[in-house]
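Peer 1: give the three-dimensional model of this entry:
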Amino acid sequence: MSETEAQERSVQSPKKGAKAKEVREVSPPPLPRLPETAVELFNALATTVEFDVDVSAVPAPSAEEPEDSAAEETDADADADADAEVEPAAPTGKRRYKFPWAGWASWKDARTRLIHFEKKHAGKVEWVAFNNSESNDGPMSLNAFPGRAFIERVTNCADACLELKASEDQGPRPPTPIAAVERWYKLGPLALATGLSDKESAQLAKDSVLVRTFVGRSDPKDCILDARDYGIGLTATEFPDTILSLNRGLKKTKPFLTGKHGQGASSTYQYSDLTLIASRKHGSDEVAFTLVEGRWIQPDGSMGKTPTYRYMIIDGKVPTLKVSKDVVFEPGTLVRHIGYNADFNAMQGNQSMYGLLLRSLAQPLLPIWLEQIPMRKGPGGPGHFAQGGRQIRGTVNVLERAYEFTLNPPPGKKRPQELSRILHRSSETYKLGSWEFGGREGSGDLGQVQITYWVVDPNGRSSSDALKNYVDPNKTVIFSLDGQTHAEESRSIVAGATGAKLWAVGKYTIVHIDCNGLDPRAKYEMFTSTREHVKDTPIRDMVIDELVRRLKLDKKLEELNAQLAAADVTTKGDKLRDDNMAGALKKYLKKAGIEFDKFIKRMEIWKTIEEEGDGPSKKTPPELVPIKAVEPPTYIQWKFKGESVKMWPGQKYSWLFETDAPPHYWNDADPEHSRIRVLASGVQYLGGGEMKGGRVRCHFKCPDDAKIGSKGMIQVQLDYLNGAAMTSSLKVEVVAVPPPKPAPTEHPDDGGDTGPTKPVKVTVKKRDFTEVEIPILRPIAIKRDHTLWNLLGWPLDPAYVGFSVRSTSGRIQLYYNEEFPPVLDMRRRLSKRSLEDAFIQRYELKLVLHTVFTLNYEFVDEDSVTTDTKKLMQSLLCASAESLALAAKTELEIEARLSPDQDNALSLLTEQGGTTD
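Peer 2: Numbering: from 1, shown residues only. Have a look, this model is predicted:
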């Protein structure tokens with residue numbers, strides 16, 4: 001459509017410092033008339049209008065009034081999908097505009113047009129209940145999140161594409177969706193990450209699944225969402241038993257599809273005012289369409305407790321149209337959600353459709369093409385940014401691309417964003433072993449999961465900014481099945497005190513648990529039909545516990561945690577502030593007539609020395625030198641000094657094997673295609689990690705019911721020539737659980753030694769009772785929106801937390817609640833506003849003195865106590881905080897009443913340069 005066909009009207013576009021200029025606001029072509037035929041109704045609601053306009057006819061956004069949608073791409077956004085370029089869709093000098101339909105004014109147009117059509121066809125238009133049941137709202141209302149409900153519609157689009165491929169293939173059906181895309185689309189592992197070029201994956205997305213949003217801000221329902229596939233399509237006779245049915249289980253016996261329950265996408269109806277469904281079967285020239293709505297008024301005229309969802313039929317059947325110049329519709333299905341109650345105004349980040357798709361489809365079977373069109377009124381008109389689109393690869397694929405770019409940046413190609421660097425990546429297999437399922441099935445193997453995690457380079461960003469487009473920054477552990485995110489778990493699993501305790505690096509760590517390798521019964525026990533949570537079952541606990549264990553074993557994570565912890569607590573001006581606090585403490589104590597030696601016990605310094613003793617050295621072992629790979633390989637062996645190991649019932653332990661075989665020999669996730677295999681007898685093999693530098697860490701567990709004195713064996717086998725193999729074995733002896741050691745080794749060393757056989761030099765700590773400096777604890781103010789609030793495990797209500805003293809990476813940290821109501825109230829009730837800053841400074845000083853005094857008698861870390869004890873401690877610390885604040889307020893009020901020439905402590909903080917910044 002040309003620009004002359006577009007409806008334009010004059011408006012004034014004032015510019016700062018310039019005379020008002022008359023410009024034209026772009027509007028879609030008008031609707032000839034309200035729909036009175038089926039063709040007119042279809043085109044009035046289903047046909048997107050597009051046209052190009054001369055750029056000179058429409059003003060660019062003014063610098064004084066930047067548009068949200070025009071905002072520059074954030075670092076996180078560019079990191080998340082650097083190849084998601086916006087492709088020009090309009091000729092040079094033109095701007096492409098898109099509207100959901102002709103004569104668009106708002107989403108309410110659809111209801112007006114439908115009502116007019118119904119009046120013209122009174123007696124012919126009927127609304128039929130889904131499943132012919134007046135009580136069909138149950139499946140519709142299962143999904144509690146409008147965004148998640150829409151994702152179900154998008155995954156159905158991918159299923160339709162696979163159905164089309166299946167209809168063209170007469171061979172046996174693939175056993176999984178992943179096998180299906182590999183067979184029919186030639187998409188192997190990581191194809192969407194690094195296998196396809198940007199243009200190849202973008203074209204595949206455009207040919208498969210399109211998601212288009214028309215979003216405004218006039219009201220909460222100012223949102224139209226399109227889910228369009230170019231798959232197999234449906235006929236009108238198929239509508240009632242497929243897309244307009246519930247819980248029919250049509251996909252239950254089709255293992256190559258992701259759908260199972262026959263209800264997921266129906267959850268979108270509860271959020272839509274109207275839903276239009278149009279479909280054209282592949283190979284057909286007919287388009288079938290209908291509308292869906294929820295009605296509260298029952299047939300008897302009364303108001304129901306819940307709505308009944310119905311679809312429109314005309315003359316007793318789903319209406320159909322012949323494809324013609326008036327009805328243009330490619331094969332496939334369009335589901336248009338009109339008046340969708342969701343907030344997708346943002347173009348990037350956690351609250352955008354882009355962010356939703358990226359994190360909800362962790363590793364999609366097919367790429368998605370996304371077009372986001374803001375329906376902004378005023379100069380420039382709606383659709384200003386309808387110039388193209390971007391492809392969605394999913395969080396996992398984007399992270400893998402970033403890691404590949406980090407390791408091997410293409411020569412001559414500039415990194416899309418320096419901030420997209422990945423500091424660390426690791427992937428391991430966890431084999432869960434046998435399980436008693438009960439019922440007729442009895443026991444069986446649970447299967448395996450693949451655990452992969454990445455550490456995103458902070459590079460000066462907060463964790464929220466660094467992660468917001470990959471995942472929800474507060475839920476960084478994602479479980480996926482068939483490429484779709486089925487659950488997001490709290491990052492406290494990585495960073496929290498009850499998890500891996502990697503509080504610094506954990507803020508930038510994303511964990512992906514791929515559950516495709518689980519037995520179907522295990523999947524059922526793990527996930528809900530809404531794909532919103534992991535069921536709270538023992539299987540879930542097994543996976544989380546093993547994840548925490550392996551994170552703790554990763555020495556690179558431990559190293560990064562120390563580095564980021566140091567960076568997190570050290571900021572510009574910290575040394576000056578420490579000096580200020582030290583001076584303030586000394587002066588405050590001196591003016592109070594208190595000698596520091598009398599106030600505080602002589603502190604104990606621990607000096608590190610070496611002496612002979614029985615026990616392994618805590619000295620960090622040297623970094624292992626990578627083994628050069630050769631073809632064919634010449635050896636494989638366990639990195640262990642002895643010939644046998646001892647394990648007790650229930651114990652988990654890990655050992656390395658090393659080899660000069662190339663990395664492709666090892667594929668623990670698919671043993672049938674791996675040329676290196678790990679076998680175990682008498683113990684359980686739990687899986688291994690990736691081969692790095694010729695070494696692989698393997699994990700084992702001694703069964704809980706193993707008998708003391710029984711024997712076992714672990715063996716690694718390398719098949720290097722046809723019929724030829726090398727093996728290396730370790731004998732296992734089951735022993736009784738040893739008595740607890742005073743100082744157990746936190747991590748097994750790379751050799752897997754169980755202990756020394758002779759005295760060795762060990763590092764120990766000795767007390768030195770020499771006089772020391774005043775220990776300086778920099779008080780760190782925390783608000784509820786700070787990431788540390790949740791990591792500290794503080795309650796949501798600020799009235800229940802005063803301050804906390806924690807031991808982090810061997811250093812004591814003092815955190816206090818900046819929003820503690822008693823402190824805020826006392827600050828507000830000060831006699832002079834000029835005292836407010838001094839009050840906070842004095843309060844901080846009181847907190848430091850209180851903490852220093854406490855540390856010299858007894859220190860109890862909140863992370864090391866039970867939940868009940870922690871609540872009691874928090875209650876006591878609240879009382880202490882209130883008392884300290886009251887003391888600070890009282891002192892300042894008294895000092896403020898003294899004459900300026902009197903010796904008072906009011907100015908001591910100013911003199912010392914104290915600050916709360």
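Peer 1: for the stretch 551-700 of the chain, what spans make up the helices?
Peer 2: Taking DSSP state H, counting those that start in this stretch as the test, the helices found in the stretch 551-700 of the chain are 555-569, 574-591, 596-599.
Peer 1: weakest of those in terms of mean pLDDT?
Peer 2: When the helices of the stretch 551-700 of the chain are ranked by mean pLDDT, helix 596-599 comes last with a mean of 49.
Peer 1: residue 713 belongs to a strand, doesn't it?
Peer 2: Yes. The assignment for residue 713 by DSSP: H, G, I helix; E, B strand; the rest coil puts it in a strand.
Peer 1: in contact with it, which residues?
Peer 2: Residue 713 makes contacts with 680-682, 729-732, as judged by Cβ atoms under 8 Å, 6 or more residues apart in numbering. (Glycine included, C-beta is placed from N, CA and C.)
Peer 1: how close does it sit to residue 734?
Peer 2: Distance from residue 713 to residue 734, counting by Cβ to Cβ, to the nearest Å: 12 Å.
Peer 1: apart from its chain neighbours, what residue comes closest to residue 878?
Peer 2: Distance criterion Cβ to Cβ, 6 or more residues apart in numbering; nearest residue to residue 878, sequence neighbours excluded, is residue 802 at 4.2 Å.
Peer 1: cool, residue 256 as well?
Peer 2: Once flanking residues are discounted, residue 256 sits nearest to residue 180: 3.9 Å by Cβ to Cβ, 6+ apart.
Peer 1: do residue 874 as well
Peer 2: residue 801 (5.8 Å).
Peer 1: gap between the one you found and residue 840?
Peer 2: Here the distance between residue 801 and residue 840 works out to 17 Å (Cβ to Cβ).
Peer 1: before we move on, what about residue 430?
Peer 2: Using Cβ to Cβ, we find residue 430 at a distance of 49 Å from residue 840.
Peer 1: give me the element the nearest residue to residue 229 once chain neighbours are set aside is part of.
Peer 2: In this structure, residue 229 finds its nearest non-sequential neighbour in residue 157, 3.6 Å apart by Cβ to Cβ, 6+ apart. Here residue 157 sits within helix 146-167, counting by DSSP states H and E.
Peer 1: give the other helices and strands that that helix contacts.
Peer 2: Using 3 or more Cβ pairs under 8 Å, 6 or more residues apart in numbering; DSSP states H and E as the contact criterion, the elements in contact with helix 146-167 are helix 177-184, helix 198-208, strand 209-215, strand 223-229, strand 332-338, helix 353-360.
Peer 1: tilt between the second one and strand 209-215?
Peer 2: I take that to be helix 198-208. Using axes from the mean of the first three to the mean of the last three Cα atoms, to 10 degrees, the direction of helix 198-208 lies 80 degrees away from that of strand 209-215.
Peer 1: report the inter-axis angle for helix 198-208 versus helix 146-167.
Peer 2: Helix 198-208 and helix 146-167 are oriented at 90 degrees to each other (the same axes, to 10 degrees).
Peer 1: flag every buried residue along helix 198-208.
Peer 2: Neighbour-count burial for helix 198-208 flags 201-202, 204-206, 208 (criterion: 16 or more other Cβ atoms under 10 Å).
Peer 1: what stretches of the stretch 551-700 of the chain score poorly on pLDDT?
Peer 2: 566-622 (pLDDT under 70).
Peer 1: by residue count, tell me the biggest helix in the chain.
Peer 2: For the chain, the helix that runs over the most residues, judged by DSSP state H, is helix 867-897.
Peer 1: any stretches of the stretch 351-500 of the chain with poor pLDDT?
Peer 2: Looking at the stretch 351-500 of the chain by pLDDT under 70, you get 376-388, 412-419.
Peer 1: can you tell me the closest non-neighbouring residue to the most centrally placed residue in the chain?
Peer 2: With distances taken as Cα atoms, centre = their mean, residue 471 lies nearest the centre of the chain, 2.3 Å away. Spatial nearest neighbour of residue 471, excluding adjacent residues (Cβ to Cβ, 6+ apart): residue 359 at 5.1 Å.
Peer 1: contacting residues for that neighbour?
Peer 2: With contact set as Cβ under 8 Å, 6+ apart, residue 359 has these partners: 395, 469-472, 478, 485, 488.
Peer 1: isn't the residue nearest to the centre of the chain right next to residue 395, touching?
Peer 2: Yes. Counting by Cβ atoms under 8 Å, residue 395 is a contact partner of residue 471 at 6.2 Å.
Peer 1: anything in contact with each of these two?
Peer 2: Listed as contacting both residue 471 and residue 395 by Cβ under 8 Å, 6+ apart are 359, 478, 510.
Peer 1: before we move on, the earlier item: so which of the contacts of residue 713 belong to strands?
Peer 2: Filtering these for membership in strands, criterion DSSP state E, returns 680-681, 729-732.
Peer 1: among the residues you listed, the buried ones, what's the ChimeraX command?
Peer 2: Those of the ones in strands among the contacts of residue 713 that count as buried under 16+ other Cβ under 10 Å are selected in ChimeraX with:
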select :680,729,730,732
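Peer 1: and the ones in strands among the contacts of residue 713 as JSON lines, adding distance to residue 192?
Peer 2: Formatted as JSON lines, the ones in strands among the contacts of residue 713 follow (distance: Cβ to Cβ, whole Å):
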{"residue": "680", "distance to residue 192": "35"}
{"residue": "681", "distance to residue 192": "40"}
{"residue": "729", "distance to residue 192": "41"}
{"residue": "730", "distance to residue 192": "40"}
{"residue": "731", "distance to residue 192": "45"}
{"residue": "732", "distance to residue 192": "42"}
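Peer 1: from residue 122, how far off is residue 222?
Peer 2: As judged by Cβ to Cβ, residue 222 and residue 122 stand 31 Å apart.
Peer 1: kindly apply the preceding question to residue 686 instead.
Peer 2: As defined by Cβ to Cβ, residue 686 lies at a distance of 69 Å from residue 122.
Peer 1: who's more crowded, these two?
Peer 2: More neighbours surround residue 686 than the other of residue 686 and residue 122, with 24 against 7 (other Cβ atoms under 10 Å).
Peer 1: so what's the closest residue to the more buried one other than its chain neighbours bridging to?
Peer 2: Nearest non-adjacent residue to residue 686, counting by Cβ to Cβ, 6+ apart: residue 699, 4.0 Å away. With DSSP bridges as the criterion, residue 699 is bridged to residue 654, residue 687.
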